[in-house]
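Undergrad: curious how this folds, go ahead:
(one chain, ligands or ions: 1)
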Amino acid sequence: MAVDHEELLHLLNRRQFLVGSAALASASLMPWKALALSAAPHGFVQGDFEVTVLSDGSLRLPLNIIAVDASPEQLAEIAKRLGWSSGKAEPATNIPLMKKGNDLILIDNGSGNKFQPTAGKLAENLKAAGIDPGAVTKVVFTHAHPDHIWGTLVDGDKLFLPNAAYYIGGAEWNFWTDPGLLSKMPAEMGDFVKGAQRNLAAVKDRVTMVKGGDEIVPGLSVLDTPGHTPGHISLEVSGGEGLERFIA
Ligand SMILES: [Zn+2]
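TA: Below is the predicted model of the structure:
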């Protein structure tokens, strides 16, 4: 899909650039098409960071997730405008890869192959971008929903990013790893709980808990943005006057 670079640049042209689903969700009126980077990766520079946006594919979700109070007619009209033809919402899932010095930092690692067939494309798009998963040094989980962390494990029990250090909000970790959580949650959330516990357990020996104000590396700081999940975090990327230039 062709991307309107000018539109994207406008969306991202802020003094400080926020990454993570909360930032995207808060801009609920932004044109989804501008973010549907389902083809080649796109990149830009923010401060000391080279940011490459990689596609993990897209999701298929109930259409009313975009506007819970809208009528079926309104939802159909919105879907048509956005080019969603499946009868469901089709949000693109994009993953920022941030390079600074010797660090290659991924923000979330996508759905993997156990969530939805239209998602879990990060591995092939990393490969297409010429990046070896073993070269990723850090992974920051914004939260532990399937489309953000189920890509942690491949081939059953191997880490997709075997050499990375992992970071997650402490409140998020505590929420999902509670052994009693499964019995407290509605039955339809069972797969989310089991998936979060399976993938988080895989990184327990290499994870660092973070909270608002912490820095992953200098210039990449954590914001507490609970709501979507109890321990959701976003990241703020420092950098002068905003976007300086596209690099791809
Ligand atoms: Zn989520």
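
Undergrad: contacts and neighbour counts: CA atoms only from here.
TA: Fine.

Undergrad: and the helix or strand where residue 209 lies, what does it pack onto?
TA: Under the assignment given by DSSP states H and E, the secondary-structure element containing residue 209 is strand 207-210. Helices and strands touching strand 207-210, as assessed by 3 or more C-alpha pairs under 8 Å, 6 or more residues apart in numbering; DSSP states H and E, comprise strand 165-169, helix 170-177.

Undergrad: quick one: the residue of the chain positioned farthest from its centre from residue 67, how far?
TA: Farthest-out residue of the chain from its mean C-alpha position, per C-alpha atoms, centre = their mean: residue 73, at 30.2 Å. Counting by C-alpha to C-alpha, to the nearest Å, the separation of residue 73 from residue 67 is 12 Å.

Undergrad: could you do residue 224 as well?
TA: Remark: distance between residue 224 and residue 67 (C-alpha to C-alpha) = 25 Å.

Undergrad: below-threshold pLDDT in this structure: ranges please.
TA: Low-confidence segments of the chain, defined by pLDDT under 70, span residues 1-40, 241-248.

Undergrad: strands of that one, start to end?
TA: If DSSP state E is used as the criterion, the strands of the chain fall at 17-19, 42-46, 49-58, 92-100, 103-107, 138-141, 153-154, 158-159, 165-169, 207-210, 215-217, 220-224, 233-237, 245-246.

Undergrad: same list (those) but as JSON lines, adding mean neighbour count.
TA: Output for the strands of the chain, formatted as JSON lines (neighbours: other C-alpha atoms under 10 Å):
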{"stretch": "strand 17-19", "mean neighbour count": "18"}
{"stretch": "strand 42-46", "mean neighbour count": "20"}
{"stretch": "strand 49-58", "mean neighbour count": "24"}
{"stretch": "strand 92-100", "mean neighbour count": "22"}
{"stretch": "strand 103-107", "mean neighbour count": "21"}
{"stretch": "strand 138-141", "mean neighbour count": "24"}
{"stretch": "strand 153-154", "mean neighbour count": "18"}
{"stretch": "strand 158-159", "mean neighbour count": "14"}
{"stretch": "strand 165-169", "mean neighbour count": "23"}
{"stretch": "strand 207-210", "mean neighbour count": "18"}
{"stretch": "strand 215-217", "mean neighbour count": "15"}
{"stretch": "strand 220-224", "mean neighbour count": "20"}
{"stretch": "strand 233-237", "mean neighbour count": "24"}
{"stretch": "strand 245-246", "mean neighbour count": "13"}
